[in-house]
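**Student:** Next comes the sequence, and after it the predicted model I'd like to discuss.
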Amino acid sequence: MSEWPSDPKFLGKDTRRLEGPAKVTGAAKYSSDMQPEGWLYGMIFRSKWPAALIKSINLEKARAVPGIKGAVTVRDGERPVYFYGEELAAVAGTSKQACLDALRLIEVEATPQPFVVDPVEAMKPGAPSVFTDSPNLSEAKIKEEGKVDEAFAQCAVVVDGEFSTQVQLHHSLETHGNTIHVRAEDCTAWASTQGIFSVRDGLADQLKLPQSKVRAITEYMGGGFGSKFGPGVEGSLAARLSRETGLPVKIMLTRFDESLAVGNRPSSYQKIRLGSDKEGNLLAFDLDGFGSAGFSSGGRTAGGGGGAGFPAPYIYKVPNVRTKQAGVATNAGSSRAFRAPGHPQGSFGMESIMDELAVRLGMDPVDLRIKNDPFEIRRKEYAIGREKFGWAQKYKKPGSTPGPIKTGVGVAGATWGGGGKGTKAQVTINPDGAVEVRCGTQDLGTGIRTVIAVVAAEIFGLTPDKILVRIGDTDFPPSGGSGGSTTTPSVSPAIFDACTKGLQQLQTVSGVADARGVNFLPACRKLGVEPIVMQGEWREGLSSSGAGGVQFAEVAVDTETGFVKVTKILVVQDCGLVVNKLTAESQVNGGVIIGLGYALYEQRVMDPQTGVVLNPNFETYKLPGISDIPDIEVILLDMPERGVIGIGEPVVIPTASAVANAVANAIGVRIHSLPITPDKILEALDRVPKGATAGNEELDPAFARVERADGVAGDFVDFLPA
Amino acid sequence: MAQELNKHNAEKIQGPDAIPVQLTINGKAQAFQLEPRVTLLDALRNHSTQTGAKEVCDRATCGACTVLLDGVPVYACMLLAIEAQGREITTVEGLAPDGKLTKVQEEFIACDGLQCGYCTPGFVLTVSALLAKNPKPSETDVRKACSGNLCRCGSYPRVVEAALKAAGVATASKCEVLTNV
C-alpha cells in the first residue's frame, strides 16, 4: 500500500467537483437533456392489470395520432403480465402531448388473472399463483453451524422477536431512460446508467450490431443507487422506436413509472432468537426469514442480487447459528440492487435483537457490541464514537425521560466488502503541458471525475483543475459498472498506474530527472511534436475491501403524537485511504439520509384489492426533506496503508437500526417494523387500539410455512465482489 | 346573460391546436408554437434548449423544475406556458449570463452542496430568491425556503451550509479525519 505518496498534496484533502460550474449553471447536459437533431419524445404504455393474459395489442389508432411517428409492442402475440405497470408497448412522436394522446388510444385484449401482492397472503395455501409452473414460496436456504439447540439450552439469557422491513423505492431524481439514435450501421445511446458498457453490450445484442458500432455516453447522471444497469426495457423500446422511425428517440420514465417497474429494496420478515451467557458472550442464533422481491422472487427465480435474502447474524460472531431464508413471489415489480443490498434488512433485525439482549443483561449496548464484534476497526470506532457522542451521559434506562417528549439514543454497526478491479485508463501528456485522462467509468454523483483528477494531480505535482478528465463514454478504456462501492477502488489504481507510467516516460524522453510540479511544463516542452500516450490498469496493492462503520443516533419522540425527530447522527466510518474528503463526506451524508428515509418515512404501499401501487408519487411516498435532517457529524478514519476503499454502501446500512434502537430507548417499547411511523408508536404505547395500524400482521403462521427446505435453493447472493 | 357569458368565454378559448406563444426567458424574447396545454417546464425542456430546469415529479412536489417568475420561485411544471407570457422567466442558465458565477453558485461548489446535480438548478434558484428577499437568513429560514426542494443524494446539510456562507453567515464543518487510530 505504500505506493501511494506518504505526504500527499491533494489525496485526503478537500477538492471541489470539477463539474461543479456545469451543474450550478445548467450547462451540464444529462441524458434526459439531450436533443439530437430531429429527436422524438417517447412514452411507455403499461399494464393496468396486476396479473393478466394479454391476447392482443392494437396500436393502429395510436399510430394515427398527429405527430406520432412510431409505435411498438414489447412482445408480439399472447403474453402474461405479472405486475401492475409491466411494460406492454411504447410510442414516439414529436411532442409529449402527442404521446399522451396516443397512449390513451392503445387497445388491449386481455384476460385478467387472480393476483396477490402481499407476501404473507402469497404464502398461504390456495393463494393465487404468480407463476403457473412454480409455487410462490421458494424452498428455503438453510445454513447451520455448531449445535444450535444445545447451545440455546445452555444460554443464561435468550431473547426473541419478530421484525419486518418495508419495500423501499430507489427514486433517483433523474428517472430511468435514454436518448437513443439507431442508424443503419451504428447506434449512439445517451443513457442514464451506472454502467455504460452494460448498456452498450445490451443494445448491441438486441440490435444485432457489433459492440464496436454501439456507443453509450453518460456525461452527467442523476442518481441510480443500484437500479440502473443495462439498457432496461425502456432502453430497448427507445432503440426499437429509433430504428423504426430513423430518428433519435428519448424515453425517460415518469415518476409514476419509476414507482412500479424499475426496482426496489425487497421486504423482509424475520423471526429471531438470540442467546448469550450472563457476561454477554453470544452463544446461539436462530433465524426464520422470508421476504419478497416481487415477481422475480419465489420458487421459479430464486437466486441473484434481486432476491430477498439478507445477511444474518450480520456482523456478529456467534458460534452456533441456524438460518432459514426463503423468497416469496408476489404480483409486484421486481427488486434490484439498492445501496448495500440485503444489509439494511439484516442490520435492522440483528441490531434490534442485540439491544433487547443488552437490556435483559443490564449491559451497555456499546459494550455488548464491542464484546461480540470480530472486526477490530469497528471496535475502535465504537470507542471513538461513544466518546465523541457523549454516550455515557446520554444512555439511560429505556423510557425513563420524564414528560411527554422522550429522548433516547441508539447505536448500530455495519460492514461492506466493496473492492473492485478491472478498470483501464489512458493518459495523454501533450507538449504544451496539457494533461488528459480518459476512462470509461461514469459519475453517478459520487465524484469519481474529481477523484481521477486528484490522483493524476498528485502524481504529476499539478493541481486537480489542470487535469482534463473525460469519462462516461464507451469509446474510452473500459471500466466496470458503478455499484457496490467498487468505483473508486477500481478506478483510482488504474489512474495511478497510467499516470505513473506516463510520468516515467516523460522523464525518459525529456531527460528531466524529476518532471513533477514546476518541472512538468519544461519537461513537456522537450517532447517536440509527439505527446505521450500511456495506458494503465488496475493492479493489486493500491485498493482493498472490507469497510466497517458505526453510527450513533439521538431522537426525541412525542408520545402524544407519535412523531419522531432525529436530532443527531454521528458516523464513524473507515474507508481506507481518503481520496477526496469533500466528496467522501457528502456520500456519508447521503447514506445517512437515505437511511433516515428507511427508518421513518419511506414505504411502497400496495392495495391488496386492486394490486396497484397506492403511492407512486412524492406526496404519498415520503422522501426525507431538508427540514427532517438532523445534525450529522462525520468522523472518517484515514488508513492510507489499506489503500482505497469505497464508502457508498456502508454508510446507508446502520442508520435505521440506530434510529430504531434510539426510539426503543426513548419510549421503552420496541417498534418491530420499519418505517417507524407515528401510528406504530401510538399503538406500541397503547394510545390507539391494537391492530388499528398497518404493518402488524400475524406472522407466526407465515414463518411456520417456510418449511419446504431441502437445502437446494436460496436466494441471497451477497453483493460483495470476490 | 347566459348567452353573453358564453360569447365572452368563447373568445378566450385558445387551442386545442398549437398557438403562437411569446416567452421572455433570461431577458430574451422567444417565440414558440405550442398547444395551450403545454406547461412552462415542457416548453423549456422540450421546445427550447433551456434544459436546466429538470423534470422529476411533474406534479409540484420536488422543486427540480424551479424557475423564477418576476423574481419569485415557482414550479415550472405547474404553470402553463401561455400563463407565463409577459412575465420575466429566469432559469438557472440565466443566473450568470456573463459567465461569472454568483456567490450562491460559488458556495454550492465550494461547500459541495450537490452530488448528482439533478436537483441543483432548483436549489440554486430557491436559495438565490431567498437571499434576494432575506440577505441574512437563519438556518431555519434556509430550511423553510428549501422545503419544497427534494434531493435524493442527501446534499441537504451542505445546501444549508452553502446558503449561509453565500449570505456571509459563519458555519462550522462537521467532518473530521482521524489518522493513526
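**Tutor:** Nice, I can see it.

**Student:** Can you name the residues of the stretch 51-200 of chain A sitting close to chain B?
**Tutor:** When proximity is defined as CB under 8 Å from any CB of the partner chain, the stretch 51-200 of chain A approaches chain B at A:95-97, A:171-175. Any C-beta I mention is one placed from the backbone N, CA and C, and that applies to glycine too.

**Student:** change it to 6 Å
**Tutor:** Neighbours of chain B within the stretch 51-200 of chain A, by CB under 6 Å from any CB of the partner chain: A:96-97, A:171-174.

**Student:** now do the stretch 501-650 of chain A
**Tutor:** A:582, A:585-586, A:589-590, A:593, A:618-619, A:623, A:625-627, A:629, A:632-638.

**Student:** Strands - which of those residues land there?
**Tutor:** Among those, the members falling in strands (DSSP state E) are A:632-638.

**Student:** centroid residue for chain B?
**Tutor:** Note on chain B: the residue nearest the mean C-alpha position is B:Thr66, at 2.2 Å, using CA atoms, centre = their mean.

**Student:** Go ahead and confirm that one touches B:Phe123.
**Tutor:** No - counting by CB atoms under 6 Å, B:Phe123 is not a contact partner of B:Thr66; they are 8.0 Å apart.

**Student:** ok, so what distance separates B:Ala81 from A:Gly67?
**Tutor:** Separation of B:Ala81 from A:Gly67 (CB to CB, to the nearest Å): 17 Å.

**Student:** These two: which has the busier surroundings?
**Tutor:** Counted by other CB atoms under 10 Å in any protein chain shown, B:Ala81 and A:Gly67 do not tie: B:Ala81 has more neighbours, with 24 against 17.

**Student:** circling back: could you pick out the buried ones from the ones in strands among the residues of the stretch 501-650 of chain A next to chain B?
**Tutor:** Of the members of those, the ones counted as buried by neighbours, 16 or more other CB atoms under 10 Å in any protein chain shown, are A:632-638.

**Student:** Could I get those in JSON lines, plus columns for pLDDT?
**Tutor:** Shown next, in JSON lines, are those (pLDDT from 0 to 100):
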{"residue": "A:Ile632", "pLDDT": "97"}
{"residue": "A:Glu633", "pLDDT": "97"}
{"residue": "A:Val634", "pLDDT": "96"}
{"residue": "A:Ile635", "pLDDT": "97"}
{"residue": "A:Leu636", "pLDDT": "95"}
{"residue": "A:Leu637", "pLDDT": "94"}
{"residue": "A:Asp638", "pLDDT": "91"}
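
**Student:** Excluding sequence neighbours, find me the nearest residue to the residue nearest to the centre of chain B.
**Tutor:** By the measure of CB to CB, 6 or more residues apart in numbering or on different chains, the closest residue to B:Thr66 outside its immediate chain neighbours is B:Gly122, 3.9 Å from it.

**Student:** The one you found looks like it's in a strand, true?
**Tutor:** No - with DSSP: H, G, I helix; E, B strand; the rest coil as the criterion, B:Gly122 is helix rather than part of a strand.

**Student:** Dump the residues of the stretch 51-200 of chain A next to chain B into TSV; add neighbour count as well.
**Tutor:** Output for those, formatted as TSV (neighbours: other CB atoms under 10 Å in any protein chain shown):
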residue	neighbour count
A:Lys96	22
A:Gln97	21
A:His171	25
A:Ser172	27
A:Leu173	26
A:Glu174	30
